[in-house]
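Engineer: Mind folding the following:
(one chain, ligands or ions: 1)
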Amino acid sequence: MAYRVPFIDPRSHYAKLKTEIDRAILGCLTNGDLVNRHQLKEFEQHLAEFVGVKYAVGVNSGYHALLFALLGAGVGPGDEVITVAHTFVATVSAIVHCGAHPVLIDVGPDFNMDVDLIQRAITPRTKALLPVHLNGRVCEMDQIVALADQHGLAVVEDAAQALGARFDGNCAGSQGRAGCFSFYPFKVLGGFGDGGAITTNDPELARMATLLRYNGEDRATGEYHYHGQTALLDNVQAAVLDVKLRHLPDWIAHRRRMADGYHRGLSGIKQLRLPHFDETRRRDIYQNYVIRTTVRDELRAYLKDQGIETLVHWQKPMWEHRGLGLAAPDVPETLSICREVLSLPMSAETTDTQVQTIVASLQAFFSQHP
Ligand SMILES: Cc1ncc(COP(=O)(O)O)c(C=O)c1O
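Structural biologist: Purely as a prediction, here's the structure:
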């Protein structure tokens, strides 16, 4: 179905950047720069500068960033890693693929790790904390890092949805032992296919990830140091991402403006909970604009009839997918989030007019559902 207001609009995104992107891609193709060339190194350098760390290592997905960061932090069989129940499955799969056990704790109303629940989830087997900065909002990193230091644990940040978001002025992905980013096409910085990166100040972790992504090989010596994976960020993707990274500050400012527009238009509707939280210490990038309502499914159907595309992240809790073999945790907030959340259109291409259209539709819906 063609939506009047699509969730995202990749065609107009490309059209706006066509000249710069075509030049970057043609540059790679013309010069045969396909694998691990200067475009990848330049992108890694620019990304590290943007996040405020010494190293960035490009890999082919956010999942691989998580897997290699956990391995680099020493997570292995028999270890436990504490993360949240409300996240994308890749966060948990990366832990499982290290041979470790994921311990799922609840999130707070801001969708992020409830720091009050960490302490009691720590056992002698706990090796790492894996906070997820969901929807473009950074977790309470000061408390998470302090707890980790107190217990000798590594912090691996799942910053897949939070490139450019800040807490106490520090970028997501800069405070833990490693930060993990995704460049899936619909992320705030998206490639033309999946991609990811690890950010870190730890030279050993950076080196291990650099080898793991290339089948364990040190390209300078030809020595294989590990059984690695084929997981290098494609050079052409890196060239495209490097172009887009220059626009990221403007896109974040745009998202924040659109979020303000939603806030102004929707704050009078008492059946809605809006994703605006105390920003004294945080600066959100609104990767997703996620509202909550107990009449989510009716609202979603109504918006669809109005030609407005929405998404639900995520309807069915992870542990209800039996193939994943996860035990059901005690996470009441996550369960109510699964029943209530709805993501409204939000991207660099979302316009004021579209936000007004959506706001008007929501107001009309709730005037019939007092
Ligand atoms: C919170 C979170 N973690 C991890 C990932 C995994 O990233 P990728 O899809 O690039 O593997 C994603 C991507 O959707 C995500 O949103």
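Engineer: can you tell me the distance between the two ends of stretch 203-219?
Structural biologist: 17 Å (CA to CA, to the nearest Å).
Engineer: and Phe43, how many neighbours?
Structural biologist: If you count neighbours by other CB atoms under 10 Å, Phe43 ends up with 26. Placement of C-beta: from N, CA and C, glycine included.
Engineer: Enumerate every residue touching it.
Structural biologist: Residues near Phe43 by CB atoms under 8 Å, 6 or more residues apart in numbering: 56, 58, 233, 238-239, 241-242, 245.
Engineer: so it is in which element?
Structural biologist: Taking DSSP states H and E as the criterion, Phe43 maps to helix 38-51.
Engineer: Tell me the buried residues in that helix?
Structural biologist: By neighbour count on 16 or more other CB atoms under 10 Å, the buried set for helix 38-51 is 39-40, 43-44, 46-48, 50-51.
Engineer: Determine which two of these are furthest apart.
Structural biologist: Gln39 and Val51 (18.6 Å; CB to CB).
Engineer: What sits closest to the residue of the chain found nearest the ligand if chain neighbours are left out?
Structural biologist: In the chain, the residue that lies nearest the ligand is Gly62 (2.4 Å; CB to the nearest ligand atom). Distances taken as CB to CB, 6 or more residues apart in numbering put Ser182 closest to Gly62, at 2.8 Å, once the chain neighbours are dropped.
Engineer: contacting residues around that neighbour?
Structural biologist: 61-63, 65, 160-161, 194-196.
Engineer: most surrounded residue in those?
Structural biologist: Using other CB under 10 Å as the neighbour test, these are led by Ala65, with 36 neighbours.
Engineer: downstream neighbour of the helix or strand hosting Ala238 in the secondary structure list?
Structural biologist: Taking DSSP H and E as the definition, one finds Ala238 inside helix 235-245. Using DSSP H and E, the helix or strand that follows helix 235-245 towards the C-terminus is helix 248-266.
Engineer: what's the neighbour count on Pro275?
Structural biologist: For Pro275, using other CB under 10 Å, the count is 24.
Engineer: Need the three-state assignment for it.
Structural biologist: Following DSSP: H, G, I helix; E, B strand; the rest coil, Pro275 is assigned to coil.
Engineer: Write out the residues of this protein neighbouring the ligand.
Structural biologist: 61-63, 87-88, 90-91, 132, 158, 160-161, 182, 184, 194, 196 (CB under 6 Å from any ligand atom).
Engineer: What about these, which are in helices?
Structural biologist: Among the residues of the chain next to the ligand, the ones falling in helices (DSSP state H) are 62-63, 90-91.
Engineer: okay, those in a markdown table with distance to Ala220 and pLDDT next?
Structural biologist: Converted to a markdown table, those look like this (distance: CB to CB, whole Å; pLDDT from 0 to 100):
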| residue | distance to Ala220 | pLDDT |
| --- | --- | --- |
| Gly62 | 27 | 98 |
| Tyr63 | 27 | 98 |
| Ala90 | 31 | 98 |
| Thr91 | 33 | 98 |
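Engineer: Can you lay out those residues as TSV showing distance to Cys338?
Structural biologist: Below are these laid out as TSV (distance: CB to CB, whole Å):
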residue	distance to Cys338
Gly62	21
Tyr63	22
Ala90	18
Thr91	16
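Engineer: that older thread, past the helix holding Phe43, which element shows up next along the chain?
Structural biologist: Next helix or strand after helix 38-51 toward the C-terminus (DSSP H and E): strand 55-59.
Engineer: For that following strand, name the packing helices and strands.
Structural biologist: Secondary-structure packing of strand 55-59 (3 or more CB pairs under 8 Å, 6 or more residues apart in numbering; DSSP states H and E): helix 38-51, helix 62-72, strand 196-200, helix 203-212.
Engineer: do that again at 6 Å, thanks
Structural biologist: helix 38-51, strand 196-200, helix 203-212 (3 or more CB pairs under 6 Å, 6 or more residues apart in numbering; DSSP states H and E).
Engineer: Now tabulate those in CSV and tack on mean pLDDT.
Structural biologist: Below are the helices and strands packed on strand 55-59 laid out as CSV (pLDDT from 0 to 100):
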stretch, mean pLDDT
helix 38-51, 98
strand 196-200, 99
helix 203-212, 98
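Engineer: Tell me which of these approaches Lys304 most closely.
Structural biologist: strand 196-200 (31.6 Å).
Engineer: Looking at the longest helix along the chain now, give me its mean pLDDT.
Structural biologist: Assignment by DSSP H gives helix 10-31 as the longest helix of the chain. Here helix 10-31 scores 97 as its mean pLDDT.
Engineer: mind listing the strands in the stretch 251-370 of the chain by residue range?
Structural biologist: Applying DSSP state E, counting those that start in this stretch to the stretch 251-370 of the chain gives strands spanning 282-283, 289-292, 341-344.
Engineer: how much space between the closest residue to Thr350 other than its chain neighbours and Lys41?
Structural biologist: Leaving out its chain neighbours, the residue that sits closest to Thr350 by CB to CB, 6+ apart is Met258, at 5.1 Å. Going from Met258 to Lys41 by CB to CB, to the nearest Å gives 34 Å.
Engineer: Same question for Arg292.
Structural biologist: From Arg292 to Lys41 the distance is 43 Å (CB to CB).
Engineer: Is Ala209 in contact with Val59, as I believe?
Structural biologist: No: checked against CB atoms under 6 Å, the pair Ala209 and Val59 is beyond contact range at 7.1 Å.
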